[in-house]
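Student: give me a 3D structure for the following:
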Amino acid sequence: MKYSEIVTKKQYNEYCKLHMELGKKLSAGNGNDDLESDYYVLQLIIDDYSRKQNNPFDALTPVDLLKALMEEYGYSGYKLSKELSIPQSTISDILNYRRGFSKDLIRKFATKFNLNQESFFKEYELINKSPRVA
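Tutor: This is a model prediction of the structure:
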């Protein structure tokens with residue numbers, strides 16, 4: 001493939017420059033189907049990179065994201081557990097880093113807060129419970 005996903009700021013700048021040059025050629029009437037296709041593909045790749053760079057949730061762990069959403073929407077652990085039919089102890093364990101998100105919980109939280117499920121898939125460290133003694 002001619003173009004790939006942008007992974008560096010340098011690549012982003014190069015693609016933006018090329019996109020602008022193609023836009024000038026197309027505006028001047030010097031374009032063809034290949035130039036129009038390249039222009040369109042670059043626009044999609046640039047938009048994708050920009051969207052990912054401007055996602056404020058990227059810096060948060062899924063737990064911090066859930067805490068922020070609960071605060072923003074005025075949910076207590078109790079209220080959220082009742083509304084989503086999740087045991088309150090499960091919410092508490094998640095908020096205190098003692099339990100991870102199951103697929104079912106991710107689906108429920110993403111639907112409730114109108115987010116992409118990927119927002120809750122990021123890895124993070126759990127607090128280990130005391131080790132079991134055999």
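
Student: got the confidence number for the most centrally placed residue in the chain?
Tutor: In the chain, the C-alpha nearest the mean C-alpha coordinate belongs to Ser119, at 4.5 Å (Cα atoms, centre = their mean). Among the per-residue scores, Ser119 shows a pLDDT of 83.

Student: can you pull the domain assignment for the chain?
Tutor: Each structural domain of the chain that the record assigns through automatic domain parsing is listed here as a residue range: 9-54, 58-120.

Student: that older thread, now the residue nearest to the centre of the chain, what's its secondary structure?
Tutor: Counting by DSSP: H, G, I helix; E, B strand; the rest coil, the backbone at Ser119 sits in helix.

Student: over to the one 3 residues further on?
Tutor: Secondary structure state of Lys122, per three-state DSSP, is coil.

Student: burial count for it?
Tutor: Number of residues near Lys122 (other Cβ atoms under 10 Å) recorded here: 15. Glycine gets a C-beta too; all of them are placed from N, C-alpha and C.

Student: list the helices and strands the helix or strand containing Tyr40 packs on?
Tutor: Under DSSP states H and E, the secondary-structure element containing Tyr40 is helix 33-53. Helices and strands touching helix 33-53, by 3 or more Cβ pairs under 8 Å, 6 or more residues apart in numbering; DSSP states H and E, are helix 9-27.

Student: for the helix it packs on, buried residues please.
Tutor: Of the residues in helix 9-27, those buried by neighbour count under the rule 16 or more other Cβ atoms under 10 Å are 12, 15, 19, 22.
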